[in-house]
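1. A structural model of the following input is requested.
(4 chains)
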Amino acid sequence: MMIKALFFGLTADLIGSRSTDLDLKDHATPAAVLDHLAVAYPEIARHRILIAVNEEYVPAETLLRDGDELAIFTAVSGG
Amino acid sequence: MMIKALFFGLTADLIGSRSTDLDLKDHATPAAVLDHLAVAYPEIARHRILIAVNEEYVPAETLLRDGDELAIFTAVSGG
Amino acid sequence: MDFFELTTSPIGITSVARRVVPPECGATVTLDGYVRQFTKGRETLHLFYEAYEPMALKEMQKLIEQANRDFEISSIGIVHRLGRLEIGETSVVISVAAPHRAAAFVACEWLIRELKRTVPIWKKEIYADGEEWIEGEKDVTPI
Amino acid sequence: MDFFELTTSPIGITSVARRVVPPECGATVTLDGYVRQFTKGRETLHLFYEAYEPMALKEMQKLIEQANRDFEISSIGIVHRLGRLEIGETSVVISVAAPHRAAAFVACEWLIRELKRTVPIWKKEIYADGEEWIEGEKDVTPI
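-> Numbers count the residues shown, from 1 in each chain, chains lettered A, B, ... in the order given. Just a heads-up that it's a prediction; the model follows:
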């Protein structure tokens, strides 16, 4: 299945990208995507990461579905 | 002794004056001035009155001194 | 950088809020009080505010001094309008700048509560069918 | 009368505070957050804010809905700035109008606390000697 991953702020800087399309196995989770990213970008594992799927916060163990928009970012700091 | 009495808002309307000079006996108090005013303007006695002498809140039993500025007004309602 | 004023001119919220911003601050809390059109169903046409001006300024200064002692804030601005005010016009603005916003919220709320209790200003409501000097509800304890 | 916006243009406090005034209200509390020049002694040159815009707007709307359920308030305006901000420029304005000011204070403080916790916006501080994405401290509990 295909999902779209979005990065913002620090995660975008670390990964050097703001958006990428991922071809994942069925039953993949955001946690699995994060583990995969941490291999290439180990700095990511040193930060507290929040996950949103289709613009809603979700736990990292949520099952992803084909066509989902997965956002991966550090704790927010607006205001 | 001479003191100057000031009225504001409701007390000015009730008394029909904003300022008057009073010739008082020694040891007069704001309470005595109020009692005197209440004879001529009984409506005053129906309101909670605050007293200031020389621009400071004081109890009604404070002794007045020659030259004092006595302000007589209802509970404040700014804001 | 504290300031307190009485004015018969319209008050700009921004001009008050932005006059109190020192470089160590990150947040300003502003209370904007204005003429309510309806109170308990009765319609106000306009308001009139009167003050015992020199004493009002002294009491405002006392409030500012006490707030600076009691709260971790950087600066305070208070401006109160006098004279005739139309519906929706600002009667009072209190701005408090602080390094941390929690203190600014607490101080601003304390300042408006105390201003309504102690600063000698009176409000007259002018209704379609009459007018009324409003009397405060809270006690002023002489010092 | 509630509204919430993201903008890359300067925010006017008055324009936010005065957009939320309904006729039954008498007070508006406004939180103005702005770029602090010094944080723990380190000087900030300027800031940059980035958002996950569609989700940020959804989260702002959720905050407004919950505040309207939880507090006796009449209307809320929230505007957050994005992009580059200079020292002293407003990053966020939250205005809450209420019939009674106590609810406006409580709701405004709740809104800024929750906005900082849940709305996906990130701040980058640019210092004389480097730059840093700021990471929030509070947990976001997924619903």
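2. Could you use CA atoms for every contact and neighbour count after this?
-> OK.
3. With adjacent residues omitted, what lies nearest to residue A:10?
-> Nearest non-adjacent residue to residue A:10, counting by Cα to Cα, 6 or more residues apart in numbering or on different chains: residue D:133, 5.9 Å away.
4. wait, doesn't that neighbour sit right on residue D:122?
-> Yes - using Cα atoms under 8 Å, residue D:133 makes contact with residue D:122 at a distance of 7.2 Å.
5. circling back: list the residues that contact the residue nearest to residue A:10.
-> Contacts for residue D:133 were tallied using Cα atoms under 8 Å, 6 or more residues apart in numbering or on different chains; they are A:9-10, D:122-125.
6. CA atoms only for the longest helix seen in chain A - export them in CSV, please.
-> For chain A, the longest helix by residue count, based on DSSP state H, is helix A:30-40. Listed next in CSV are the C-alpha coordinates belonging to helix A:30-40 (Å, rounded to 0.1, in the frame of the first residue of the first chain):
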residue,chain,number,x,y,z
PRO,A,30,3.8,4.7,12.2
ALA,A,31,6.1,3.1,14.7
ALA,A,32,7.5,0.8,12.0
VAL,A,33,8.0,3.8,9.7
LEU,A,34,9.8,5.6,12.5
ASP,A,35,12.1,2.6,13.1
HIS,A,36,12.9,2.5,9.4
LEU,A,37,13.6,6.2,9.3
ALA,A,38,15.8,5.9,12.4
VAL,A,39,18.2,3.6,10.6
ALA,A,40,18.9,6.2,7.9
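7. helices or strands up against the helix or strand just after that helix?
-> Next along the chain after helix A:30-40, taking DSSP states H and E as the criterion, comes strand A:49-53. When contacts are defined as 3 or more Cα pairs under 8 Å, 6 or more residues apart in numbering or on different chains; DSSP states H and E, strand A:49-53 packs onto strand A:69-74.
8. quick one: strands adjacent to the strand it packs on?
-> Take DSSP bridges as the rule and strand A:69-74 pairs in its sheet with strand A:2-7 (parallel), strand A:49-53 (antiparallel).
9. Now find how far off-centre that strand is within its chain.
-> Centroid separation for strand A:69-74 versus its chain: 4 Å, with Cα atoms, centre = their mean, to the nearest Å.
10. Identify the residues contacting that strand?
-> With contacts defined as Cα under 8 Å, 6+ apart, strand A:69-74 is touched by A:3-11, A:30, A:47-55, D:135-136.
11. how close does the residue lying farthest from the centre of chain C sit to residue C:43?
-> Using Cα atoms, centre = their mean, the residue of chain C lying farthest from its centre is residue C:129. It sits 27.9 Å away. From residue C:129 across to residue C:43, the span is 9 Å (Cα to Cα, to the nearest Å).
12. And the residue positioned nearest the centre of chain C, what's its pLDDT?
-> Chain C has residue C:92 as the residue nearest its centroid, 3.8 Å off, counting by Cα atoms, centre = their mean. For residue C:92, the model assigns a pLDDT of 97.
13. Once you drop chain neighbours, what's closest to residue C:33?
-> Distances taken as Cα to Cα, 6+ apart place residue D:27 nearest to residue C:33, at 4.4 Å, with adjacent residues excluded.
14. Look up how far residue C:83 lies from the one you found.
-> The span separating residue D:27 from residue C:83 equals 19 Å under the rule Cα to Cα.
15. These two - which one has more neighbours?
-> Between residue D:27 and residue C:83, counting by other Cα atoms under 10 Å in any protein chain shown, residue D:27 is the more crowded of the two (29 against 15).
16. got a list of what that one touches?
-> C:31-34, D:97-101, D:104.
17. ok, what's across the strand from the residue nearest to residue A:10?
-> Residue D:133 has these beta-bridge partners by DSSP bridges: residue D:124.
18. Also residue C:83?
-> Those that pair with residue C:83 in a beta bridge, by DSSP bridges, are residue C:49.
19. Return the per-residue confidence for the residue nearest to residue C:33.
-> 93.
20. likewise residue C:100?
-> Listed pLDDT for residue C:100 reads 88.
21. if I look at it, how far off is residue B:79?
-> Counting by Cα to Cα, the gap from residue C:100 to residue B:79 is 25 Å.
22. what about these two, which has more around it?
-> residue B:79 (29 against 16).
23. tell me the secondary structure for that one?
-> Using DSSP: H, G, I helix; E, B strand; the rest coil, the secondary structure recorded for residue B:79 is coil.
24. wait, what's in contact with it?
-> The neighbours of residue B:79, taking Cα under 8 Å, 6+ apart as the test, are C:33, C:80, C:91-92, C:112, C:115-116.
25. Show only the entries of those residues found in helices.
-> Secondary structure from DSSP H places C:112, C:115-116 of the contacts of residue B:79 in helices.
26. so which of those residues is the most crowded?
-> Highest neighbour count within the ones in helices among the contacts of residue B:79: residue C:115, with 24 neighbours (other Cα under 10 Å).
27. so it makes contact with residue B:75?
-> No - in this structure residue C:115 lies outside contact range of residue B:75 using Cα under 8 Å: 12.0 Å.
28. For the closest residue to residue A:8 other than its chain neighbours, give the beta-bridge partners.
-> Spatial nearest neighbour of residue A:8, excluding adjacent residues (Cα to Cα, 6+ apart): residue A:73 at 5.8 Å. For residue A:73, the beta-bridge partners under DSSP bridges are residue A:50.
29. Quick one: neighbours of residue 55, just the number.
-> Unless you meant another one, I'm taking chain A. Look at residue A:55: counted by other Cα under 10 Å, it has 20 neighbours.
30. please go with chain C instead
-> 20.
31. what's the helix or strand for it?
-> helix C:53-70.
32. tilt between that helix and strand B:49-53?
-> Orientation check (axes from the mean of the first three to the mean of the last three Cα atoms, to 10 degrees): helix C:53-70 against strand B:49-53 gives 90 degrees.
33. now helix C:53-70, how far from the centre of its chain.
-> Per Cα atoms, centre = their mean, the centroid offset for helix C:53-70 relative to its chain is 12 Å.
34. Model confidence at the residue nearest to residue C:28 when sequence neighbours are not counted, what's the number?
-> Closest residue to residue C:28 apart from its sequence neighbours, by Cα to Cα, 6+ apart: residue C:97 at 4.2 Å. In the prediction, the pLDDT value recorded for residue C:97 is 96.
35. before we move on, what about residue C:44?
-> pLDDT, residue C:44: 92.
36. what sits against it?
-> So residue C:44 contacts C:36-38, C:87, C:125-128 (Cα under 8 Å, 6+ apart).
37. Residue numbers of chain A in contact with chain D?
-> A:8-10, A:50, A:55-59, A:74-79 (Cα under 8 Å from any Cα of the partner chain).
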